[in-house]
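>>> Fold the stuff below for me.
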Amino acid sequence: MSGNIFQNAFDRLVNARERQVRRYVNGALLAMDDAQLKSIGRTREELQREGAQAYFF
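As a prediction, the model looks like this:
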């Protein structure tokens with residue numbers, strides 16, 4: 001039973017970190033111009049909708 005509690009906590013931690021990384025990457029991708037985004041199959045609107053965190057060079 002206690003193993004399940006730790007597994008759930010670990011899963012929540014991993015999920016939170018994955019969301020944080022996605023926001024960070026989306027922020028970096030938003031620094032690209034629209035032609036570059038199109039070449040990788042993404043759009044600015046899509047990235048903004050998914051959420052983005054400020055990315056500083």
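
>>> Tell me where the protein has helices.
2-29, 34-39, 44-50 (DSSP state H).

>>> just checking, which of the ones you listed sits deepest inside the structure?
Stretch with highest mean neighbour count among those: helix 44-50 (a mean of 13; mean count of other Cβ atoms under 10 Å). All C-beta spots, glycine's among them, are computed from the backbone N, C-alpha and C.

>>> Counting by contacts, list what it packs against.
Helices and strands in packing contact with helix 44-50 are listed as helix 2-29, helix 34-39; criterion 3 or more Cβ pairs under 8 Å, 6 or more residues apart in numbering; DSSP states H and E.

>>> Could I get these in TSV, plus columns for distance to Q53?
What follows is these, written out as TSV (distance: least, Cβ to Cβ, whole Å):
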stretch	distance to Q53
helix 2-29	4
helix 34-39	17
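
>>> Let's have the helices of the chain in CSV, adding mean pLDDT.
Listed next are the helices of the chain as CSV, based on pLDDT from 0 to 100:
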stretch, mean pLDDT
helix 2-29, 94
helix 34-39, 97
helix 44-50, 94
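
>>> related to what we said a few turns ago, any idea which of the helices and strands packed on helix 44-50 gets closest to Q48?
Distances from Q48 to each of those were compared using Cβ to Cβ; the minimum, 7.9 Å, belongs to helix 2-29.
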